[in-house]
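Trainee: Got a predicted structure here, sequence first:
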Amino acid sequence: MTRVLFVCLGNICRSPMAEYVLRRLAAERGLSDKIRAASAGTSGFHDGEDMHRGTKTVLQRHGIDTGGFTSRKIEATDKQHYDYIVAMDDANLAELERLFGRHPDKLFKLTDLIPESGYSHVPDPWYTGDFDETYALAAAGCAALLDKIAAEKGL
Ligand code: 4NP
């Protein structure tokens with residue numbers, strides 16, 4: 001099993017979007033039993049809450065189920081439990097490296113996988129209001145991440 005943890009600040013907007021998109025893309029590739037997706041936030045601001053309505057609305061518009069989500073803060077043990085820990089921006093990555101050390105093979109930004117997008121981070125829709133942009137980057141980034149996992153894990 002390959003386990004992926006997406007990380008943003010609040011764990012209600014960007015990282016849940018990526019979590020649910022990856023799960024869908026893995027299912028489409030017949031890899032649901034080989035890849036697990038989860039997400040967490042660096043802040044804990046929204047612990048115990050459901051994902052943001054904007055994230056939920058866009059996922060549902062793309063036919064993706066949004067059930068069963070609960071926001072949580074990153075934990076020290078996450079480093080051992082996940083094969084890939086994928087940050088949405090530089091602040092998330094800096095916090096992950098502060099907690100877990102520098103591990104470029106394991107800890108990186110989603111946008112590192114899609115240089116052709118022209119984005120160096122996933123902009124935060126909590127501030128921009130643009131959840132369609134979040135979805136587009138999650139879809140492109142997760143497709144690239146699946147290619148990476150398939151190549152590295154021989155799937
Ligand atoms: P996220 O967005 O990190 O993509 O989940 C945010 C959600 C909440 C807050 C900031 C960003 N907040 O400050 O509460």
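Mentor: In hand now; what should we look at? Please read these numbers as outputs of a predicted model, since none were measured by experiment. Numbering: from 1, shown residues only.
Trainee: near the ligand, which residues of the chain show up?
Mentor: Contact residues (Cβ under 6 Å from any ligand atom) of the chain with the ligand: Cys8, Leu9, Gly10, Asn11, Ile12, Cys13, Arg14, Phe45, Asp124, Trp126. C-beta coordinates here come from the backbone N, C-alpha and C atoms, glycine included.
Trainee: was I right about the first one contacting Phe45?
Mentor: In this case it means Cys8. No - with contacts counted by Cβ atoms under 8 Å, Cys8 stays clear of Phe45, the gap being 10.8 Å.
Trainee: neighbour-wise, which of these two wins?
Mentor: Shown here are Cys8 and Phe45; by other Cβ atoms under 10 Å, Cys8 has more neighbours (28 against 14).
Trainee: Pull the number of nearby residues for the closest residue to Arg23 other than its chain neighbours.
Mentor: Of all residues not flanking Arg23 in the chain, Ala37 sits nearest, at 4.8 Å (Cβ to Cβ, 6 or more residues apart in numbering). For Ala37, the neighbour count with other Cβ under 10 Å is 26.
Trainee: what's the answer for the one 3 residues further on, then?
Mentor: Around Ala40 there are 25 other residues, counting by other Cβ under 10 Å.
Trainee: Would you mind confirming that it makes contact with Phe69?
Mentor: No - at 11.7 Å, Ala40 does not count as touching Phe69 under the criterion of Cβ under 8 Å.
Trainee: Mind giving me the packing neighbours of the one helix or strand Pro16 maps to?
Mentor: Take DSSP states H and E as the rule and Pro16 turns out to sit in helix 14-28. Contacts defined by 3 or more Cβ pairs under 8 Å, 6 or more residues apart in numbering; DSSP states H and E place helix 14-28 against strand 2-8, strand 35-41, helix 53-61, helix 131-153.
Trainee: excluding its backbone neighbours, what's nearest Glu19?
Mentor: Spatial nearest neighbour of Glu19, excluding adjacent residues (Cβ to Cβ, 6+ apart): Ser39 at 4.1 Å.
Trainee: Surely that neighbour and Leu9 touch.
Mentor: No - between Ser39 and Leu9 there is no contact under Cβ under 8 Å: 11.6 Å.
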